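A.B. asks: got a predicted structure here, sequence first:
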Amino acid sequence: LPWPRTLLWRSFLLIALLLGASLLAWLQIYNYYALRPRAAQTAQMVVSMVNLTRSALIAADETQRLALLHDLNSIEGIRVLPAESTDKLVGLPDSSPTRALQASVRKRLGAYTRFSAELNDLPGFFVSFRVDEEDPEDEYWIMLPRERIAGPAAAEWLGWGIAAILLALIAAYLVVRGLNRPLKALESAARAIGRGEPAPNLPEHGANEIAAVAQAFNQMSQDLAELESDRALILAGVSHDLRTPLARLRLGIEMSGAHTDDIAAMGQDIEDMDRIIGQFLDFARDSQAEPAQDCDIAALLHDLAQASRRRGTLIELDTPEQVIAPVRAQSLRRAVTNLIDNALRYADTDQPLALRLRNFPDGLEIELADRGPGIPADQAERLKRPFTRLESARSNAQGSGLGLAIVERIAKLHGGHLDLLPREGGGLRAVLKLRL
């Protein structure tokens with residue numbers, strides 16, 4: 001069986017194994033220091049009582065033997081019965097202590113000694129002996145009280161042992177569960193923060209260490225909520241403070257009376273600046289705040305393809321008729337738009353883009369393929385990292401600014417990733433994989 005992965009069952013199984021090993025050790029100790037000495041003492045008692053009874057019978061006058069046997073039965077609970085060839089016997093239970101007892105008694109009284117748990121349907125502990133060891137016909141049975149011989153039954157010992165193990169396992173489970181519950185609550189709260197949802201406050205009670213972790217997490221959660229609020233305010237201010245001057249510049253250029261080519265060039269510069277600002281804002285925006293909802297991915301890609309065609313982009317669309325999946329629709333729209341913009345900026349615009357959607361049991365793949373310069377395999381991952389190569393990306397035809405970093409972030413938000421692969425015949429295949 002595979003080793004459990006959860007802390008609860010790992011700890012519980014480890015404690016159970018330790019308890020089992022401890023029980024086995026105690027059984028060995030009990031066998032060595034209790035069962036064996038008890039068997040030796042019982043054998044010594046049986047031999048002594050048989051020898052004393054034999055000696056009493058030998059020493060007593062024949063006319064007094066019946067009175068002697070009566071006294072042994074009434075005072076000591078010992079009965080002596082003559083052995084007959086027709087006696088009906090029942091063997092003793094087969095167990096290690098019983099076998100050791102029989103072997104020890106036979107060693108001292110003689111190999112002819114017999115044992116029985118019943119004699120002619122009379123229950124008890126019967127041991128045979130001979131008054132005259134040389135005369136097989138002079139054999140008797142001595143019946144000893146069972147309580148002098150029998151110790152606690154094995155089933156009784158086993159029952160108490162199982163009860164003790166069960167109590168210990170229940171206690172171990174409760175202890176481990178008491179440690180595991182705060183960790184599960186912490187995991188759930190952390191996942192909620194990862195999804196952009198408000199995390200519930202963890203209970204700040206229990207052991208000092210657990211309470212301290214809960215207090216630290218609650219404080220962190222409050223700090224993150226405040227930072228998120230501040231970031232939303234800052235992004236709104238940045239968007240307003242930067243784009244308002246750009247709008248005034250665009251209006252001033254249109255009214256400047258400059259040459260048409262100059263106006264077009266300056267307008268393009270302003271568009272580039274606005275696009276760069278938009279990329280920064282998109283990258284800084286928290287897409288996790290958007291909840292995942294069922295969306296027709298095929299219809300979403302169809303809308304994006306139609307919008308691109310209206311701007312003069314050649315684009316081929318290959319999707320199933322309908323694909324419903326829980327996604328963050330606006331974030332996914334932004335990711336595919338960035339892929340299209342990246343292809344338009346650096347690929348051959350005379351060749352059509354190929355936009356495909358593939359549906360798999362565990363997720364989706366959205367692929368945008370273009371013709372033009374590709375990306376070396378050793379640079380693919382580097383181009384998905386923001387800021388580290390921003391300047392060279394702006395001047396290098398193989399770069400793509402923050403667009404791919406935004407796509408990679410949105411892919412991870414959906415449990416997937418972005419692959420940048422070479423296209424057969426030249427070009428780039430950007431594969432957006434989503435795990436749903």
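C.D. replies: Noted; the coordinates are in hand.
A.B. asks: what bits of the stretch 51-200 of the chain have low per-residue confidence?
C.D. replies: 62-63, 65, 147-158, 194-196 (pLDDT under 70).
A.B. asks: that one: helices as residue ranges?
C.D. replies: Along the stretch 51-200 of the chain, counting by DSSP state H, counting those that start in this stretch, helices occupy 65-71, 96-109, 146-149, 154-194.
A.B. asks: out of those, nearest to Asp296?
C.D. replies: Closest approach to Asp296 among those (C-beta to C-beta): helix 154-194, 26.5 Å. (C-beta placed from N, C-alpha, C; glycine too.)
A.B. asks: what angle sits between that closest one and helix 96-109?
C.D. replies: 150 degrees (axes from the mean of the first three to the mean of the last three C-alpha atoms, to 10 degrees).
A.B. asks: from the contact counts, what lies against the helix or strand following helix 154-194?
C.D. replies: On the C-terminal side of helix 154-194, the closest following helix or strand by DSSP states H and E is helix 208-254. Helices and strands touching helix 208-254, by 3 or more C-beta pairs under 8 Å, 6 or more residues apart in numbering; DSSP states H and E, are helix 154-194, helix 260-284.
A.B. asks: Throw those into CSV and include distance to Asp303 and mean neighbour count, thanks.
C.D. replies: Compiled in CSV, those are given as follows (distance: least, C-beta to C-beta, whole Å; neighbours: other C-beta atoms under 10 Å):
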stretch, distance to Asp303, mean neighbour count
helix 154-194, 29, 13
helix 260-284, 19, 14
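A.B. asks: just to revisit the earlier point, turn the helices of the stretch 51-200 of the chain into a markdown table, including distance to Arg423.
C.D. replies: Formatted as a markdown table, those follow (distance: least, C-beta to C-beta, whole Å):
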| stretch | distance to Arg423 |
| --- | --- |
| helix 65-71 | 111 |
| helix 96-109 | 78 |
| helix 146-149 | 91 |
| helix 154-194 | 34 |
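A.B. asks: quick one: closest of those to Leu300.
C.D. replies: The closest of the helices of the stretch 51-200 of the chain to Leu300 is helix 154-194. By C-beta to C-beta, the value is 24.5 Å.
A.B. asks: gap between that closest one and the chain center?
C.D. replies: Put simply, helix 154-194 sits 15 Å off its chain's centre (C-alpha atoms, centre = their mean, to the nearest Å).
A.B. asks: that helix vs helix 208-254, what angle?
C.D. replies: If you take the same axes, to 10 degrees, helix 154-194 sits at 20 degrees to helix 208-254.
A.B. asks: wait, what's in contact with the nearest residue to Thr53 once chain neighbours are set aside?
C.D. replies: If the residues on either side of it in the chain are set aside, Thr53 comes closest to Ile142, at 5.6 Å by C-beta to C-beta, 6 or more residues apart in numbering. Ile142 makes contacts with Met49, Val50, Thr53, Ile78, Arg79, Val80, Phe126, Val127, Ser128, Phe129, as judged by C-beta atoms under 8 Å, 6 or more residues apart in numbering.
A.B. asks: buried ones among those residues?
C.D. replies: For the contacts of Ile142, a burial check counting by 16 or more other C-beta atoms under 10 Å picks out Met49, Val50, Thr53, Ile78, Arg79, Val80, Phe126, Val127, Ser128, Phe129.
A.B. asks: distance to Asp274 for the residues you listed - can I get that in a markdown table?
C.D. replies: Output for the buried ones among the contacts of Ile142, formatted as a markdown table (distance: C-beta to C-beta, whole Å):
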| residue | distance to Asp274 |
| --- | --- |
| Met49 | 111 |
| Val50 | 113 |
| Thr53 | 117 |
| Ile78 | 113 |
| Arg79 | 114 |
| Val80 | 118 |
| Phe126 | 109 |
| Val127 | 109 |
| Ser128 | 113 |
| Phe129 | 115 |
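A.B. asks: make CSV out of the helices and strands packed on helix 208-254 and add distance to Ile315.
C.D. replies: CSV is the format used below for these (distance: least, C-beta to C-beta, whole Å):
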stretch, distance to Ile315
helix 154-194, 35
helix 260-284, 20
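A.B. asks: so for Ala343, which of the ones you listed sits nearest?
C.D. replies: Using C-beta to C-beta, the nearest of these to Ala343 is helix 260-284, at 14.8 Å.
A.B. asks: against which helices or strands is that closest one packed?
C.D. replies: By 3+ C-beta pairs under 8 Å, 6+ apart, helix 260-284 packs against helix 208-254, helix 403-413.
A.B. asks: number of residues surrounding the closest residue in space to Pro145 that isn't next to it in sequence?
C.D. replies: Nearest residue to Pro145 in three dimensions, chain neighbours excluded: Gly77, at 4.5 Å (C-beta to C-beta, 6+ apart). Using other C-beta atoms under 10 Å, Gly77 is surrounded by 14 other residues.
A.B. asks: surely Gly77 is in contact with Gly124?
C.D. replies: No: under the criterion of C-beta atoms under 8 Å, Gly77 makes no contact with Gly124, lying 9.8 Å away.
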